[in-house]
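1. Provided below are the primary sequence and the corresponding predicted coordinates.
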Amino acid sequence: MTHDACRAPDTARPGPAAAADPHAPAAPATSSAPAASGVPAVSGAPATSSAVAASGAPAASGAPAASGAPAASGAPAPLPRRRGVEFSLLVLAVLLSVCGYCAVGLARGGAVPPGAAGYGGGLGALALLAHLAVRLRAPHADPLLLPIAVLLNGLGLVLIHRLDLETPGDRAAPAQLVWSTLGIGLFVATVVLLRDHRTLRRHAYVCGAAALVLLALPVLFPAVNGARIWIRFAGFSIQPGEFAKVLLALFFAGHLAAGRHALARTGRRLGPLRLPTGRVLGPVVAVWLLSVGVLVLERDLGTSLLFFGLFVVLLYVATGRTGWIAAGLLLAVAGAVAVGRLEPHVHGRVEDWLHPFASVEAGQGAGQLAQSLFSFAAGGMLGTGLGLGHSVLIGFAVKSDFVLATAGEELGLAGLAAILLLYGLLVHCGYRTGLALRDPFGRLLAVGLSSIVALQVFVIAGGVTGLIPLTGMAMPFLAQGGSSVVTNWIIVALLVRLSDRARREPGSGARTGAGAPVLAAAGTVPLEDGAARPDGGVPAR
Amino acid sequence: MTRHIRRAGVLCALLLVALLANAVRVQVVRAGAYGENPADRRGAIARYGLPRGDILVGGRPVTGSRDTGERYRYERTYTDGPLYAPVTGFSSQTYGTSLLERAEDGVLSGTDPALAPLPLWSDLTRSRPAGGDVVTTLDPAAQRAAYEGLGARTGAVAAIEPSTGRILALVSTPSYDPARLSGTGAGVERAWARLNADADRPMLNRAVRQTYPPGSTFKVVTAAAALDAGAAAGLDRPTGAPDPYLLPGTSTRLTNETEGCADASLRHAFTWSCNTVFAKLGVDTGAAALRRTAAGFGFDDAGLRVPFPVAESTFGAPADRAQLALSAIGQFDTRATPLQMAMVAAAVADDGMVRAPYLVERVATRDGVPLSTTVRRTLRRAMSPATAARLRELMEGVVREGTGGNAAIEGAVVGGKTGTAQHGVGNSGTPYAWFVSWAQAEDAPQPAVAVAVVVEDAAAERGDISGGGDAAPIARAVMEAVLDSEAAERR
């Protein structure tokens, strides 16, 4: 059911004929799709959803008109809305979180904690609010996005609350709950206020400038724990780098959507390589310098890696030039090696990664990474049970960077794998959206936002499990950190907005198989032209 | 663009697979190795998360557990720390365990598989059974008598039940309070440093971990060997030993502390501890026979455990007959633990049979359900029953009319042997005073107790008098305590 819902855009696969030949009748194509895929749940759905679109939602029916391709004239019909599925999954997500909260209480105090009803009620109310916003303003959105976010956020609150029990003097869960509320509030605001993602394209360069400013701000503030990534005022501390991620994704998507042909096709040939012109290369070098600058000035290896990874992925997706990837990787390796050698903070992290038990052998006790590994190892297959582990031995940053260790110890490999798969599913849905969308900006934005989540999860989860050198980063939704949780809710809100568009007007991406690259390339051009009209991109309401 | 999005998606999928594979590596494949790292404190947290099982003496626990409310939650307590320290040892959150706390750690800490009724279920739920109890063979009255008898002096007492090998008392002084080492922190570290720096070595269990030259108490072994080998024809025949005795092949003259040793009978020589007679008897018996008998009593056995390991008592390796003559009177390289000498006395009392000494009667769950009971074992026969009977006669004589008069108990048959062991460079050290004995209530079918006492800094100037003067009263107090307990049991 779950998988089915996420794969729903696939049902538009027979569409290539329809999209390649706009005059082909759409109705037979869609009706044949369910039959071919053999999914009974889907076969009945188009009828009901189109009925809803026709009768209950005149605003929605106006949107296809704006793109110049009314449903009747050949574009595929919208995918089923599946808001009921989303609601059921949300109930499940809230219930799971409450179960976790109760499990902590039972393990620690032997009784269901008195706050369980309040916690469940609060989380449920927030989830319901978000659901209503989606139901009203993005009725076609992917039904998995919101439940996954709620479940991860709920689990994160449980884990932070559980760790609060070990540190009575430092309670983080209440603040995290406030930030989560704020995050869901921004989610609702984004879904309600942003009616079409293409509006954002016009502000791409503003976003880029804002991101630069946000990144530069912490340099003016004192370093905290070796990293200069915080700004503090009025008792709050904010990580502007978190917000900058979204702004940079918007900027990259806008910049690359506009200039991707120039990037791909121009420049001098040098043997098998085609060198880009300086005008095109400029922004790339600028971004690379930005990453290194972040690394050196703010000592934030994780964010630096994330920015650069994001840019390389989007560059590749936009231009299809493997050379960019190679050049990017070379630059990344060169930068990483140079910084790893020269910068002691980063150098220490690499040493820790290579020899996590060096401090033990030196008789100084276990370091953070060693404690984290002990934590995961203690969890084993099934974990100790919530509230019964000793991940607090990790000490500093146990609720933020190392929160995954608590999940690994108390929920075991089973729980950790489930959490990682939840992230995987979230990213998957984002990529599906990117594939299904028609306009390059939207596609790049969907891919970029999903890649932020994917890269961030990889960088921090890989770091705390000893797969790659440890870099301070927040596990999306799970970790303590207000800026992070707010940013991630905005990312999910944007993905909801994008997926709503994608599923309402299933695009070309969904139809290509591995065997039809030529068709795909040919198909993108007219779509891009359509999307390039700034006025036509916004539905007239 | 679609193709490239798909490829980027595949990249993300690969990252996910890498994360999952690494999670399997950390949480399953390498989990055991990580868990065994000593820097991982989870093992200790689990270990101290439950009250430790108790060690019982005379039906009462002499240990306990205190809830500190800290991360290492339960801390060991001891009701009579110094009294039982040579038995219990310590259980420290900082320095590990020793003696019984170490030997029975599996039961006490709850990790012994026998404590888990459903092992697979316990693995799944990660529940740890409560620690079990260790019931000792000690007689609390005998233990206290020995401890108070030694008082402020340095020494050790070992008492065993001859017919079974049950250890009734095991005392070493000066002692220490193991509770000082139980927890963590600066106080514990200071106590540890102080105990280790102490010249009197209070943490050394002298009864089982320290060997002494047994001196004249070894004459019991020599007499048994001589009688079994036929080197001594009877108790009352003259032995033909000169006084002084010229050590064979040397010009060294061995003398006695007492009169009437020239050509004395075995009975007279044993009663008054004539060195010359036993030196000659040893040489006449021969190194091989003497070594065989000594080994029969338990010498040269490095593997003895009660259940913690006992230091090896050695007969030594006399290279010539002069050294053999010295070995025969418990000098030269001959060394014995007090427990070993108690085993010698017990073998005499028990018709020549040597029983494996043991300290743990049984282990039981917290609720008292027995898990296992120590099986009594006979190690070997040290001498013929006839020789044992003759030795009992000799040892009774020592107490009745000889050097061991201080050990006499009214209403009981007591046999003993005194000893004073020279040691140090040129025998310059203060001699060790020894006394080994056994006692049998007049109305009892067999001896109830065999005991060995050693006092290191005996106040006496010279001679067997010190063994009889310093060590014998302690032995008597221990024997009386056991006989009283036995009498109370029979009533």
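-> That came through fine. It should be emphasised that the depicted structure is a prediction, and the values quoted were computed from it without experimental measurement.

2. so what's the residue count around the residue nearest to A:Leu92 when sequence neighbours are not counted?
-> Leaving aside its sequence neighbours, A:Leu92 sits nearest to A:Pro147 (Cβ to Cβ, 6 or more residues apart in numbering or on different chains; 7.1 Å). Yep, even glycine has a C-beta here, placed from its N, CA and C like the rest. A:Pro147 has 26 neighbouring residues, counting by other Cβ atoms under 10 Å in any protein chain shown.

3. isn't A:Pro147 up against A:Leu90?
-> Yes. Counting by Cβ atoms under 8 Å, A:Pro147 does reach A:Leu90; the two are 5.0 Å apart.

4. thinking again about what came up before, assign the residue nearest to A:Leu92 to helix, strand or coil.
-> helix (DSSP: H, G, I helix; E, B strand; the rest coil).

5. for chain A, what's its nearest residue on the stretch 351-491 of chain B.
-> Nearest residue of the stretch 351-491 of chain B to chain A, counting by Cβ to the nearest Cβ: B:Arg366, 20.3 Å away.

6. burial count for the nearest residue to that residue once chain neighbours are set aside?
-> With Cβ to Cβ, 6+ apart as the criterion, B:Arg366 has its nearest non-adjacent residue at 4.4 Å, and that residue is B:Ala130. Counted with other Cβ under 10 Å, residues neighbouring B:Ala130 total 15.

7. assumed B:Ala130 was part of a helix.
-> No. Secondary structure of B:Ala130 (three-state DSSP): coil, not part of a helix.

8. any buried residues in the one helix or strand A:Ala258 maps to, and which?
-> Assigned by DSSP states H and E, A:Ala258 falls within helix A:240-265. By neighbour count on 16 or more other Cβ atoms under 10 Å in any protein chain shown, the buried set for helix A:240-265 is A:240-260, A:263-264.

9. would you mind trimming these to those in range of chain B?
-> Under the cut-off given by Cβ under 8 Å from any Cβ of the partner chain, chain B has nothing from these close to it.

10. give me the buried positions along stretch A:319-330.
-> Neighbour-count burial for stretch A:319-330 flags A:319-321, A:323-325, A:327-328 (criterion: 16+ other Cβ under 10 Å).

11. if you average pLDDT over stretch A:183-193, what comes out?
-> Averaging pLDDT along stretch A:183-193 yields 95.

12. list the buried residues for it?
-> Using 16+ other Cβ under 10 Å as the burial criterion, the residues of stretch A:183-193 that qualify are A:183-184, A:187-188, A:190-191.

13. just give me the longest helix of the chain.
-> Using chain A here. Longest helix of chain A, by residue count under DSSP state H: helix A:403-436.

14. oops, I was thinking of chain B
-> If you go by DSSP H, chain B has its longest helix at helix B:2-24.

15. now do the same for B:Ser485: helix, strand or coil?
-> helix.

16. show me the contacts for it.
-> By Cβ atoms under 8 Å, 6 or more residues apart in numbering or on different chains, the contact set of B:Ser485 is B:139, B:141-142.

17. who wins on neighbours among those residues?
-> Result: B:Ala142 is most packed of those (other Cβ under 10 Å), 28 neighbours.

18. about what we covered before: the residue of the stretch 351-491 of chain B closest to chain A against B:Gly132, yeah?
-> Yes. Here B:Arg366 reaches B:Gly132: they are 6.4 Å apart, a contact under Cβ under 8 Å.

19. more neighbours: which of the two?
-> Taking other Cβ under 10 Å, B:Arg366 and B:Gly132 do not tie; B:Gly132 has more neighbours (29 against 16).

20. can you tell me the closest non-neighbouring residue to that one?
-> B:Val107 (4.3 Å).

21. how many neighbours does the one you found have?
-> Neighbour count of B:Val107, defined by other Cβ under 10 Å: 23.

22. give me the element it is part of.
-> Take DSSP H and E as the rule and B:Val107 turns out to sit in helix B:105-109.

23. which outside residues touch that helix?
-> Under the criterion Cβ under 8 Å, 6+ apart, residues B:47, B:52-55, B:91, B:97, B:101, B:111-112, B:114-115, B:131-134, B:363, B:371 lie in contact with helix B:105-109.

24. let's see it at 6 Å
-> The contact list for helix B:105-109 (Cβ atoms under 6 Å, 6 or more residues apart in numbering or on different chains) reads B:47, B:52-53, B:97, B:112, B:131-132, B:363.

25. now those in CSV, with pLDDT?
-> Formatted as CSV, these follow (pLDDT from 0 to 100):
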residue, pLDDT
B:Arg47, 89
B:Arg52, 93
B:Gly53, 94
B:Thr97, 93
B:Asp112, 87
B:Gly131, 90
B:Gly132, 93
B:Val363, 94
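
26. would you turn those residues into TSV with secondary structure and distance to B:Ala311?
-> As requested, the contacts of helix B:105-109 are exported to TSV (DSSP: H, G, I helix; E, B strand; the rest coil; distance: Cβ to Cβ, whole Å):
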residue	secondary structure	distance to B:Ala311
B:Arg47	helix	29
B:Arg52	coil	27
B:Gly53	coil	27
B:Thr97	strand	19
B:Asp112	coil	27
B:Gly131	coil	29
B:Gly132	coil	28
B:Val363	strand	25
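
27. which of those residues lies closest to chain A?
-> Set against chain A, the nearest of the contacts of helix B:105-109 by Cβ to the nearest Cβ is B:Arg47 (12.5 Å).

28. pull the contacting residues for the closest one.
-> Going by Cβ under 6 Å, 6+ apart, B:Arg47 touches B:Ser109.

29. host element of B:Val436?
-> Using DSSP H and E, the element containing B:Val436 is strand B:432-441.

30. what residues sit buried inside that strand?
-> Across strand B:432-441, burial judged by 16+ other Cβ under 10 Å covers B:432-441.

31. if we can go back for a sec, got a list of what the residue nearest to B:Arg366 touches?
-> B:50, B:110, B:366 are the contacts of B:Ala130 under Cβ under 6 Å, 6+ apart.

32. state the pair within the contacts of helix B:105-109 that is farthest apart.
-> Based on Cβ to Cβ, the longest span within the contacts of helix B:105-109 runs between B:Arg47 and B:Val363 and measures 17.8 Å.

33. which bits of chain B sit near chain A?
-> B:1-5, B:8-9, B:12, B:15-16, B:19-20, B:22-23, B:26-27, B:31, B:34-35, B:39-40, B:42, B:45, B:126 (Cβ under 6 Å from any Cβ of the partner chain).

34. filter those down to the buried ones.
-> If you count burial by 16+ other Cβ under 10 Å, the buried members of the residues of chain B next to chain A come out as B:1-5, B:8-9, B:12, B:15-16, B:19-20, B:22-23, B:26-27, B:31, B:34, B:39-40, B:42.

35. for chain A, identify the residue most remote from the centre.
-> The C-alpha centroid of chain A is most remote from A:Gly363, which lies 41.3 Å away (Cα atoms, centre = their mean).

36. are we agreed that that one is in a helix?
-> No. A:Gly363 sits outside any helix when classified using three-state DSSP, being coil.

37. can I see the domain layout of chain A?
-> If you go by automatic domain parsing, the domain ranges for chain A are A:2-78, A:83-504.

38. dump these to CSV, plus distance to B:Ala336.
-> Below are those laid out as CSV (distance: least, Cβ to Cβ, whole Å):
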stretch, distance to B:Ala336
domain A:2-78, 78
domain A:83-504, 40
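
39. of those, flag the one that's most buried.
-> domain A:83-504 (a mean of 21; mean count of other Cβ atoms under 10 Å in any protein chain shown).

40. how many residues are close by B:Gly240?
-> By other Cβ under 10 Å, neighbour count at B:Gly240 equals 11.

41. for it, which three-state class applies?
-> Of the three states, B:Gly240 takes coil under three-state DSSP.

42. how about it, nearest residue that isn't a chain neighbour?
-> Excluding its sequence neighbours, the residue lying closest to B:Gly240 (Cβ to Cβ, 6+ apart) is B:Asp263, at 5.7 Å.

43. how about B:Ala294?
-> B:Phe315 (4.2 Å).

44. spell out which parts of the stretch 151-300 of chain A neighbour chain B.
-> Counting by Cβ under 6 Å from any Cβ, the stretch 151-300 of chain A has no residue next to chain B.
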